[in-house]
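S.K.: Just to be clear, the model below is a prediction. Sequence and coordinates:
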Amino acid sequence: MDAFPYLCPMASFEDFKFNKQILNAIAEAGYETPTEIQQKAITPILAGQDVMGIAQTGTGKTAAFVLPMLMKLKYAQGNDPRALILSPTRELAMQIEENIRLFSTYLDLRTVVLYGGLGPKTQKEQLAAGCDIIVATPGRFLDLYLEGDIHTKSLKFLVMDEADKMMDMGFISKIHRILEIVPRKRQNLLFSATMSELVRKISGDFLAFPTVVEVTEQATPAKTVSQTLYFVPNLKTKLNLLQHLLKDDESFNRLIVFCKTRAVADNVFRFLERKYGEENVRVIHANKGQNTRINSINAFKEGNIRILVATDVAARGLDVSNVSHVFNFDVPIVTEDYVHRIGRTGRAFNNGDAITFCNPAEEYYLKKIEKLIRQSIPVAEVPEDVFVEKTGFEERQEIAREIDAQKRRENPDFKGAFHEKKYAPKPTQKNNKGRKPTSKKTKRR
Ligand code: AMP
């Protein structure tokens, strides 16, 4: 398999006629060849077109809009921002800013990054000092605009990154508000990993006759990521299996463990911390302070810690190379998050593994994911020496209740089996295959 399937061997960055400063920065970043999205998007962006880029994370989409934007902005000018990049999360905003810094080393452009979760004082001071580019989450941008800290009249370049996540996170009205306060005459770029109905709608409001560039089929996980699925009956067995796999510390050397809630993330973190020591494990979720999150991400990036436990929102936009494994400790409930999560591994020139644990209540979401990615995730048997725990009473009830709710969602006439106690899993089974509605699916390997 190609190490990095997005590279276009025929193209070079010189072909885009970037100036010397940008070409030097690109060379120093170690980029030799443009990726496919860069190859397809940079030329129309330089030509002033609106562009809609369907590209998942890991394809090089950030540089695809940052490089031509820098080329167009050229040098510092006046006090007011000329480019605005909107990001759904602070982590992604910071990531984008890092990219801008990297490529503007030899330009004197000024960038300010705005996000919530900390006081606005420093951000206000930075704005007052003058800037050319703002990278912001929509809420903080609007707050500071309303307080008079941002003047939008010079904005000529508007980018919406990870538009699908923006929609999932309910930013649509904030985006509409922002569109009202920016000049009508501007160039717009929209990037999204998936093309949902809402993304289609917002792109209609946002883009004028866009050039559409797409690098993979919609929501196709990167080819560099190999996927594995384990059917696991309960939380304790998930922990046992995780621990079993992590024994191989040579190949499982840098991993992210995704959990569905903060509570699960904290539990998993405490378990792993006990096993592997506090110096090897960190947890990030929305309840952690901004500085703690940044420190944990940096420690992970620098390779100082082996395991990062995370919830989806906290890990959005996280760009860490050499992640060996992504674990979906829980199957993501927001289907598209599966693609985003596993896009954390197999980035740039590396291969990666994504391993998903699925309990009976999660099969519902698993089916939706498999439909979205148009693939069946290969199933592996839980290894013999992993102890399969009995599902405790409370967890059994919870799983049954969830399955009932799912059935009701699909069929409003469904009366519910849970309260009739029809759902009676056999906790002594090795794994949950016997309970699977379509047992042949487990043979898909
Ligand atoms: P992105 O999809 O923008 O999050 O980028 C994913 C990763 O690919 C980042 O670590 C980038 O630094 C890296 N990358 C982007 N473009 C290139 C390129 N042309 N050559 C090598 N690495 C790249």
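M.R.: Nice, thanks for sending it over. Numbers count the residues shown, from 1 in each chain.
S.K.: Run through the residues that contact residue 69.
M.R.: The neighbourhood of residue 69, defined by C-beta atoms under 8 Å, 6 or more residues apart in numbering, consists of 45, 83, 133, 157, 159. Placement of C-beta: from N, CA and C, glycine included.
S.K.: Show me the strands in this structure, by range?
M.R.: Applying DSSP state E to the chain gives strands spanning 51-54, 83-86, 111-114, 133-136, 157-160, 187-192, 211-214, 225-231, 255-258, 281-284, 307-310, 325-328, 352-358.
S.K.: Switch those over to TSV; also include distance to the ligand and mean neighbour count.
M.R.: TSV is the format used below for these (distance: least, C-beta to the nearest ligand atom, whole Å; neighbours: other C-beta atoms under 10 Å):
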stretch	distance to the ligand	mean neighbour count
strand 51-54	10	25
strand 83-86	12	25
strand 111-114	16	24
strand 133-136	13	27
strand 157-160	12	24
strand 187-192	9	24
strand 211-214	14	18
strand 225-231	13	20
strand 255-258	15	26
strand 281-284	18	25
strand 307-310	16	27
strand 325-328	14	26
strand 352-358	12	24
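S.K.: Serialize those to CSV and add fields for mean pLDDT and distance to residue 103.
M.R.: Formatted as CSV, those follow (pLDDT from 0 to 100; distance: least, C-beta to C-beta, whole Å):
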stretch, mean pLDDT, distance to residue 103
strand 51-54, 94, 18
strand 83-86, 98, 13
strand 111-114, 97, 11
strand 133-136, 98, 11
strand 157-160, 97, 14
strand 187-192, 95, 16
strand 211-214, 90, 20
strand 225-231, 93, 26
strand 255-258, 95, 26
strand 281-284, 92, 27
strand 307-310, 94, 26
strand 325-328, 94, 27
strand 352-358, 94, 25
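S.K.: CSV please, covering those strands and showing distance to residue 369.
M.R.: Putting the strands of the chain into CSV (distance: least, C-beta to C-beta, whole Å) gives the following:
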stretch, distance to residue 369
strand 51-54, 18
strand 83-86, 27
strand 111-114, 32
strand 133-136, 30
strand 157-160, 25
strand 187-192, 18
strand 211-214, 20
strand 225-231, 10
strand 255-258, 13
strand 281-284, 23
strand 307-310, 18
strand 325-328, 9
strand 352-358, 9
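S.K.: Up against the ligand, what does the stretch 51-200 of the chain have?
M.R.: 57-63 (C-beta under 6 Å from any ligand atom).
S.K.: Can you list the low-confidence ranges for the chain?
M.R.: 1-10, 216-222, 313-317, 319, 321, 347-350, 416-445 (pLDDT under 70).
S.K.: domain parsing for it?
M.R.: By the assignment in automatic domain parsing, the chain contains the domains 5-214, 225-391.
S.K.: and the last one, how far apart are its ends?
M.R.: Okay, so that is domain 225-391. 31 Å (C-alpha to C-alpha, to the nearest Å).
S.K.: cool, stretch 332-345 as well?
M.R.: End-to-end for stretch 332-345, by C-alpha to C-alpha: 16 Å.
S.K.: Residue 112 is in contact with residue 131, isn't it?
M.R.: Yes - in this structure, residue 112 is within contact of residue 131 by C-beta atoms under 8 Å, at 4.4 Å.
S.K.: where's residue 393 relative to residue 238, distance?
M.R.: Noted for residue 393: a distance of 18 Å to residue 238, by C-beta to C-beta, to the nearest Å.
S.K.: quick revisit: from the residues of the stretch 51-200 of the chain next to the ligand, which ones fall inside helices?
M.R.: Taking DSSP state H as the definition of helices, those contribute 61-63.
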